[in-house]
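Trainee: Just to be clear, the model below is a prediction. Sequence and coordinates:
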Amino acid sequence: VSPADDLSIWLQRTVWQRRVGSWEHEASPGLERVVAAVLDLAELTPDDEVVDLGCGSGQVTLPAAERASRVLGVDISAGMVERLRARAASANLDNITATAVPLERLELAPRSVDVVVSNYVLHHLSDVQKAALVRRAHGWLRPGGRLVIGDMMLGRGQSPEDRAIIVQKARAFAARGPAGYWRIAKNAVRYFVRIQEKPISRERWVRLFEEAGFQDVRVVPVVAEAAVVVGRVGPQAH
Ligand SMILES: C[S@@+](CC[C@H](N)C(=O)[O-])C[C@H]1O[C@@H](n2cnc3c(N)ncnc32)[C@H](O)[C@@H]1O
């Protein structure tokens, strides 16, 4: 973990510690579709041991725990983790554990999990950290295990697909009037300066998975810029 990573960990922790309550309220119908797609593509079975990277207050963790044997939720924000524990307790789900650790520092035993999931988190990591995390996830997974990542996936306007998404989003915000113009300006700064939001294209996600050794890698577009990438660890991958 480099000094640049330390800075980004501090920034993410500060931002998300403040958003514990508001994130649940902000969850949109579009995001719910991405959560549903992640769960679907994870193909969870009652024997599966699952890790949810950037679990927030449990948007994926809670439904995953109903389908799998155990789920470990990992998040940088202690507030999110506390909220997840409280929600798990009120849903009587005793197969959830949660830990407040930045993904950049997460250590798990090799071949110790069946499925690694993540939703709307990894665009907060640098590109180097994204690649490192995909490689580390490959090592944590048992043969046949799956990595399922839902996220905003778009490049910086190089492809016609990127440009279409950017225009579509700008139009949707502009239709809201002055509040929308403010959102366009804020998002443009974040996106081009790459302070907090560092998404990459679907093609680059596929390449990261393949370079880490995942097989049968595919992308499932969900809505606007949101998509899910899935890959499988081969039977004799390690
Ligand atoms: C947009 S929310 C998504 C939460 C949840 N996965 C969902 O589907 O609603 C992003 C989450 O990622 C967490 N996060 C951001 N950067 C992180 C990092 N470096 N390590 C661990 N968690 C991180 C935040 O605390 C926050 O809970």
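Mentor: Thanks, I have the structure now.
Trainee: Can you give me the pLDDT of G54?
Mentor: For G54, the pLDDT comes out at 98.
Trainee: isn't A27 right next to Q59, touching?
Mentor: Yes - the pair A27 / Q59 is scored as a contact, 6.5 Å apart, by CB atoms under 8 Å. Using the backbone N, CA and C atoms, a C-beta is placed for each residue, glycine as well.
Trainee: between these two, who's got more neighbours?
Mentor: Neighbour totals were compared for A27 and Q59, and Q59 leads with 23 against 15 (other CB atoms under 10 Å).
Trainee: How about stretch 110-125 and the ligand, any contact?
Mentor: Yes - interface with the ligand: stretch 110-125 contributes N119, Y120, V121, H124, L125 (CB under 6 Å from any ligand atom).
Trainee: can these go into CSV with extra columns for pLDDT and secondary structure?
Mentor: Shown next, in CSV, are the residues of stretch 110-125 next to the ligand (pLDDT from 0 to 100; DSSP: H, G, I helix; E, B strand; the rest coil):
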residue, pLDDT, secondary structure
N119, 97, strand
Y120, 95, coil
V121, 96, coil
H124, 93, helix
L125, 94, coil
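Trainee: Out of those residues, which two are the most distant from each other?
Mentor: Farthest-apart pair in these is N119 and L125; separation 13.8 Å (CB to CB).
Trainee: Next up, the contacts around the closest residue to the ligand within the chain.
Mentor: At 2.6 Å from the ligand, G56 is the closest residue in the chain, using CB to the nearest ligand atom. Contact partners of G56, counting by CB atoms under 8 Å, 6 or more residues apart in numbering, are W23, D75, M80, L84, V121.
Trainee: rerun at 6 Å
Mentor: Counting by CB atoms under 6 Å, 6 or more residues apart in numbering, G56 makes contact with W23, M80.
Trainee: Backbone dihedrals for it, please?
Mentor: phi 60, psi -140 (degrees, to the nearest 10).
Trainee: ok, now how distant is W16 from H124?
Mentor: Distance check for W16 against H124: by CB to CB, to the nearest Å, it reads 9 Å.
Trainee: Flag the shaky bits of this structure, pLDDT-wise.
Mentor: 156-158, 186, 189-196, 237-238 (pLDDT under 70).
Trainee: quick one, longest strand in it?
Mentor: If you go by DSSP state E, the chain has its longest strand at strand 141-152.
Trainee: That strand near the ligand at all?
Mentor: No - using CB under 6 Å from any ligand atom, strand 141-152 stays clear of the ligand, coming no nearer than 7.4 Å.
Trainee: circling back to that earlier point, N119 and L125: which is more packed in?
Mentor: For N119 versus L125, the count of surrounding residues by other CB under 10 Å is larger for N119: 25 against 22.
Trainee: Nearest residue to that one in space, ignoring adjacent ones along the chain?
Mentor: Nearest residue to N119, sequence neighbours excluded (CB to CB, 6 or more residues apart in numbering): G150, at 4.4 Å.
Trainee: What count of nearby residues applies to the one you found?
Mentor: Neighbourhood size, G150 [other CB under 10 Å]: 29.
Trainee: and it, what does it touch?
Mentor: When contacts are counted by CB under 6 Å, 6+ apart, G150 touches V34, V38, N119, V228.
Trainee: about what we covered before: which neighbours do W16 and H124 have in common?
Mentor: Shared contacts of W16 and H124, defined by CB under 6 Å, 6+ apart, are absent.
Trainee: Same question for the helix or strand hosting V38: list its buried residues.
Mentor: Per DSSP states H and E, V38 falls inside helix 29-42. Residues L31, V34, V35, A37, V38, L39, L41, A42 are the ones in helix 29-42 that count as buried (16 or more other CB atoms under 10 Å).
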